[in-house]
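K.L.:
pasting a predicted model and its sequence here:
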Amino acid sequence: DTGVSQNPRHKITKRGQNVTFRCDPISEHNRLYWYRQTLGQGPEFLTYFQNEAQLEKSRLLSDRFSAERPKGSFSTLEIQRTEQGDSAMYLCASSFDDVTARVTLSGETQYFGPGTRLLVL
Amino acid sequence: LAKTTQPISMDSYEGQEVNITCSHNNIATNDYITWYQQFPSQGPRFIIQGYKTKVTNEVASLFIPADRKSSTLSLPRVSLSDTAVYYCLVVPSGSARQLTFGSGTQLTVLP
């Protein structure tokens, strides 16, 4: 399977603990995104990487959250001192951005992984 | 980013054609209309994208009027497995950097 994969699929933790999630994007994709989704809502953007560089962060990404993408391949999202409000589905997506293209005649398509469901007790 | 409005929920029966309409009154010239589908406990999946008139693929059709202020996703002969949340997004051409999802439309297909 060459799609986006995420691990673990489920995580239960106690308030105050740290958790780390991993995302493996589609291999040729240079962009990687993290989103958070709560029940009944659409995904909300958290941050994205172009190769190994983290280029944008949402204000939703508090200082307890940190994301990395070493070597521009897989990415990790860590939440420190988890709170019950952190309970959500964490989604990773990837896409390919042709930086050499002078004109792009379509909107970007992002490919999502299955998500990691976090429950903070 | 242009805001989208779509119905919260819709019911249909197996074999029927389903049309989900989305309004995006503030769509910009370089924006594309994109639809994603999401099943429970899965990530969203790209269905279709269009700029104007009609686009069709193996899954759905997308109808966009000349003023582009709305669009309609058409699912032919739905089955139970089409029960999902459908999101309408407006995506700028080129690199969007982030997708802005609304609450989507929960489509329930009944036997």
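P.N.:
Yep, it's here. Residues are numbered from 1 along each chain as shown, chains lettered A, B, ... in the order given.
K.L.:
now tell me which helix or strand of chain A has the poorest mean pLDDT.
P.N.:
Lowest on mean pLDDT, DSSP states H and E among the helices and strands of chain A sits strand A:53-57, with a mean of 90.
K.L.:
who are the packing partners of that one?
P.N.:
strand A:44-50 (3 or more CB pairs under 8 Å, 6 or more residues apart in numbering or on different chains; DSSP states H and E). Any C-beta I mention is one placed from the backbone N, CA and C, and that applies to glycine too.
K.L.:
what about the strands in chain B?
P.N.:
B:9-13, B:18-23, B:31-38, B:45-50, B:53-56, B:61-64, B:70-75, B:84-92, B:105-110 (DSSP state E).
K.L.:
roughly how far is stretch B:33-49 from the heart of the chain?
P.N.:
8 Å (CA atoms, centre = their mean, to the nearest Å).
K.L.:
just the endpoints, please. Distance across it?
P.N.:
6 Å (CA to CA, to the nearest Å).
K.L.:
now do stretch B:23-36
P.N.:
15 Å.
K.L.:
in JSON lines, list the strands of chain B along with mean neighbour count and mean pLDDT.
P.N.:
As requested, the strands of chain B are exported to JSON lines (neighbours: other CB atoms under 10 Å in any protein chain shown; pLDDT from 0 to 100):
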{"stretch": "strand B:9-13", "mean neighbour count": "13", "mean pLDDT": "97"}
{"stretch": "strand B:18-23", "mean neighbour count": "18", "mean pLDDT": "97"}
{"stretch": "strand B:31-38", "mean neighbour count": "24", "mean pLDDT": "94"}
{"stretch": "strand B:45-50", "mean neighbour count": "18", "mean pLDDT": "94"}
{"stretch": "strand B:53-56", "mean neighbour count": "13", "mean pLDDT": "93"}
{"stretch": "strand B:61-64", "mean neighbour count": "20", "mean pLDDT": "97"}
{"stretch": "strand B:70-75", "mean neighbour count": "21", "mean pLDDT": "97"}
{"stretch": "strand B:84-92", "mean neighbour count": "23", "mean pLDDT": "93"}
{"stretch": "strand B:105-110", "mean neighbour count": "17", "mean pLDDT": "97"}
